[in-house]
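>>> Sequence and computational prediction follow.
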Amino acid sequence: MPQIEVNNVGYAYRLGEGQTVRALRGVSFTVERGEYIALVGMNGSGKSTLAKLLNGLYVPSAGDVLIDGVNTRDEERTFDIRRKVGMVFQNPDNQMVATIIEDDVAFGPENVGVPREEIVERVNEALEAVGMTQFRTRSASKLSGGQKQRVAIAGVLAMRPDIIVFDESTSMLDPEGRREILAVARKLNDGGITVITITHNMDEAAQADRIIALRKGRIVADGTPKEVFASAAVAECGLMLPPAAETARLLAERGFSFPDAVTTEDELVEGICSQSK
Amino acid sequence: MFKDISFGQYYPADSVIHRLDPRIKMLLTVLFIVGIFFVDSYFGFMVTAALLLVVILLAKLPMMSVLKSVRAIIFIVIFAAVINLFFIKSGEVLWSWKSLQITDNGVHTTIKITLRLILLICGASLLPLTTTPVAIADGTESLLKPLKYIKVPVHDIAMIMSIALRFIPTLFEETNKIIAAQKARGASFDTGGLIARAKAMLPVLIPLFVNSFRRADELAFAMDARCYNATENRTKMKVMKIDWADVVAFFVMAAYFAGVLVERYAFTGIMDGLIFGGLV
Ligand SMILES: Nc1ncnc2c1ncn2[C@@H]1O[C@H](COP(=O)(O)OP(=O)(O)O)[C@@H](O)[C@H]1O
Ligand SMILES: [Mg+2]
């Protein structure tokens, strides 16, 4: 059984007076445990809507979302699903509930009634995992963006999730903060947590095992970075290829031929060198 | 414009005062605020100042962090001082010019009002400086618990309080950013009359408001995603417990309060007479 199963899902926002905005249509895909997926697409293509469907913040207007076989429509299981599927949002300031870091990390476990000693244990573990232990009794307002986002991740980890969805969690950060968060995401994925990261940054997407591209609420590509970058999907979505892939594409237009699709700088260098032989 | 809003901001340190039970601290703060309105002698203000000084030292707070909160109300203090200085007509006239006059009673009242306001705000600021917003919210929830039986949503009220405290620094930071952005476009906030200045604030308040709604929306999603309201049986990482330090603190404050009342009503003016002689 796949860990996440999205079956022919549609979602429409109601604007009142019978008006609706159809944000997603006919979206289907499955995710296996431990995958690292990048979800890409232009602003308004439906990425955040899809993310919120994965943990039952929204319930599909059509189709079903199953997490470990449990339908997100099942109201009795809503909180089981939210515990399993953690979400880190874009703005670090708007997802922190408490002023003091350890209080914020404890918020999730407190909500589901975890016993006190275990909360302490989980908070320690979560802060350790994101490297924020020495800040635990500090106030979050004095931290850098990357540090705040690491606290947000710790807050999710304290719920011991199986899946973490990052909704543009690096887009408000400086390059340093971005690297910090990517390193944490990578580490968590190595530890067995499924990661779904929404991003505009194609370099970031290139590091995923799999890319799903959305355009106007539909999936237009779903495959490995190589497959997706080689197809027309990225351009179709109005996104830029990563610099190495873009260079390779331009060179190919001018008569170079690359044996394999190029996603990284190393592959580009190798490809160019092989031309001169 | 809003350079340093330290009032309401927690100052982390490891001290006895920080560790006191938030409920006790809130109770003591209320007692202190009521008490200081009964203080009416220079001796009383000296004792109060000494008490605050001891607490500040025990709490390992830098003096500046406490004095900063005074800066926030400096205009109120000056206003109250001026009004009292010129409008109290009783007592011996020390100075007069046209219809303005200053009397010795006026001078004493002015000094006392100023001291009272400054000590009041210093004392009151000790609570937020040494207590995390979550602890204040937990304490409130616990103190209001009896109201649960008449269906008052005590937990939600506490949550709202804690979030409000959490967002004060964020909103001030944002206000400063917007002001800087508007200044860069040529807006002026420091010139013109009161109305002109109020008008100049409008382009600051509107984006602040709009952004606050967006923030609230995002925060609600973030809270839901972390299972807020999953169960009635919420647990707490930090449990509140009355300690011997709380008992001591309570008795110190009770002694202070009783002392204030006794000094005011049983020995009116005697202590000041002893210390300052004919001066007052
Ligand atoms: N709360 C909402 N109410 C109405 N329409 C919305 C709402 N949120 C998003 N939309 C619309 O749904 C579509 C998809 O939005 P979203 O999922 O936020 O896209 P993305 O995250 O990819 O930028 C957009 O057309 C957007 O205008
Ligand atoms: Mg989005």
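Happy to help now that I have it. Ligands and ions are numbered 1, 2, ... in the order given.
>>> Break down the stretch 151-280 of chain B into its helices, ranges please.
B:154-184, B:194-225, B:244-265, B:270-276 (DSSP state H, counting those that start in this stretch).
>>> now for these, which one comes closest to ligand 1?
helix B:194-225 (8.1 Å; Cβ to the nearest ligand atom). Any C-beta I mention is one placed from the backbone N, CA and C, and that applies to glycine too.
>>> So is that closest one next to ligand 1?
No: on the criterion Cβ under 6 Å from any ligand atom, helix B:194-225 is out of touch with ligand 1, staying 8.1 Å away.
>>> Mean confidence (pLDDT) on that helix, please.
Helix B:194-225 carries an average pLDDT of 90.
>>> and B:Thr231, how many neighbours does it have?
Applying other Cβ atoms under 10 Å in any protein chain shown, we find 12 residues neighbouring B:Thr231.
>>> quick one: contacts for it?
B:Thr231 makes contact with A:Phe79, A:Asn111, A:Val112, A:Gly113 under the criterion Cβ atoms under 8 Å, 6 or more residues apart in numbering or on different chains.
>>> export the helices of the stretch 151-280 of chain B to CSV and tack on mean neighbour count?
Output for the helices of the stretch 151-280 of chain B, formatted as CSV (neighbours: other Cβ atoms under 10 Å in any protein chain shown):
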stretch, mean neighbour count
helix B:154-184, 17
helix B:194-225, 14
helix B:244-265, 15
helix B:270-276, 14
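>>> which stretch among the ones you listed comes nearest B:Lys89?
helix B:270-276 (22.6 Å; Cβ to Cβ).
>>> And the closest one, what does it pack against?
With contacts taken as 3 or more Cβ pairs under 8 Å, 6 or more residues apart in numbering or on different chains; DSSP states H and E, helix B:270-276 sits against helix B:42-58.
>>> need the next SSE after the helix it packs on, C-terminal direction.
Next helix or strand after helix B:42-58 toward the C-terminus (DSSP states H and E): helix B:63-72.
>>> any idea of the angle that following helix forms with helix B:42-58?
Counting by axes from the mean of the first three to the mean of the last three Cα atoms, to 10 degrees, helix B:63-72 points 130 degrees away from the direction of helix B:42-58.
>>> So is helix B:63-72 next to chain A?
No: using Cβ under 8 Å from any Cβ of the partner chain, helix B:63-72 stays clear of chain A, with a minimum separation of 12.9 Å.
>>> picking up where we left off before, looking at the helices of the stretch 151-280 of chain B, which is nearest to B:Thr29?
Closest approach to B:Thr29 among those is made by helix B:244-265 (9.2 Å; Cβ to Cβ).
>>> Near ligand 1, which residues of chain A are found?
A:Tyr13, A:Leu15, A:Val21, A:Ala23, A:Gly41, A:Asn43, A:Gly44, A:Ser45, A:Gly46, A:Lys47, A:Ser48, A:Thr49.
>>> Mark which of the residues you listed are buried, thanks.
Using 16 or more other Cβ atoms under 10 Å in any protein chain shown as the burial test, the residues of chain A next to ligand 1 include A:Ala23, A:Gly41, A:Ser45, A:Gly46, A:Lys47, A:Ser48, A:Thr49 as buried.
>>> quick one: which of those residues sit in helices?
Members of these lying in helices (criterion: DSSP state H): A:Lys47, A:Ser48, A:Thr49.
>>> Can you tell me which of the residues you listed is nearest B:Leu205?
A:Ser48 (28.2 Å).
>>> quick one, what contacts that closest one?
By Cβ under 8 Å, 6+ apart, the neighbours of A:Ser48 are A:Asp167, A:Glu168, A:Ile198.
>>> From the residues of chain A next to ligand 1, pick the one nearest A:Glu102.
A:Ser48 (28.8 Å).
>>> what does the helix or strand harbouring A:Arg150 contact?
According to DSSP H and E, A:Arg150 maps onto helix A:145-157. Helix A:145-157 is contacted by residues A:86-89, A:92-93, A:95-96, A:101, A:104-105, A:107-108, A:123, A:125-127, A:129-132, A:135, A:140, A:143, A:164, A:169-170, A:172-174, A:176-178, A:180-181, A:184, A:188, B:226 when judged by Cβ under 8 Å, 6+ apart.
>>> follow-up on the earlier one: now tabulate the helices of the stretch 151-280 of chain B in CSV and tack on distance to A:Ser257.
Shown next, in CSV, are these (distance: least, Cβ to Cβ, whole Å):
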stretch, distance to A:Ser257
helix B:154-184, 51
helix B:194-225, 48
helix B:244-265, 78
helix B:270-276, 98
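>>> do you know which of the ones you listed lies nearest B:Asn84?
For the helices of the stretch 151-280 of chain B, proximity to B:Asn84 was assessed by Cβ to Cβ; helix B:270-276 is nearest, at 18.5 Å.
>>> Distance from the closest one to the middle of the chain?
Helix B:270-276 sits 30 Å away from the centroid of its parent chain (Cα atoms, centre = their mean, to the nearest Å).
>>> rewinding a little: among the contacts of B:Thr231, which one sits closest to ligand 1?
Closest to ligand 1, out of all of those and judged by Cβ to the nearest ligand atom, is A:Phe79, at 22.6 Å.
>>> Can you report how many residues neighbour B:Arg23?
Around B:Arg23 there are 19 residues (other Cβ under 10 Å).
>>> go on, B:Phe87?
11.
>>> Quick check: residues of the stretch 151-280 of chain B near chain A?
So far as Cβ under 8 Å from any Cβ goes, the stretch 151-280 of chain B lies against chain A at B:162-163, B:165-166, B:169-170, B:173, B:214-215, B:218-219, B:221-231, B:233-239.
>>> switch to 6 Å and redo it
For the stretch 151-280 of chain B, the contact set with chain A under Cβ under 6 Å from any Cβ of the partner chain comprises B:166, B:169-170, B:215, B:218-219, B:221-222, B:224-228, B:230-231, B:233-235, B:237.
>>> Looking at the contacts of A:Ser48, which one is closest to chain B?
Within those, proximity to chain B (Cβ to the nearest Cβ) peaks at A:Asp167, which comes in at 9.6 Å.
>>> for that closest one, what are its contacts?
By Cβ atoms under 6 Å, 6 or more residues apart in numbering or on different chains, the contact set of A:Asp167 is A:Ser48, A:Ala51, A:Phe89, A:Gln90, A:Ile198.
>>> Take the residues you listed and keep only those in helices.
Those of the contacts of A:Asp167 lying in helices (DSSP H): A:Ser48, A:Ala51.
>>> pLDDT for the contacts of A:Asp167 - can I get that in TSV?
Output for the contacts of A:Asp167, formatted as TSV (pLDDT from 0 to 100):
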residue	pLDDT
A:Ser48	97
A:Ala51	97
A:Phe89	96
A:Gln90	95
A:Ile198	97
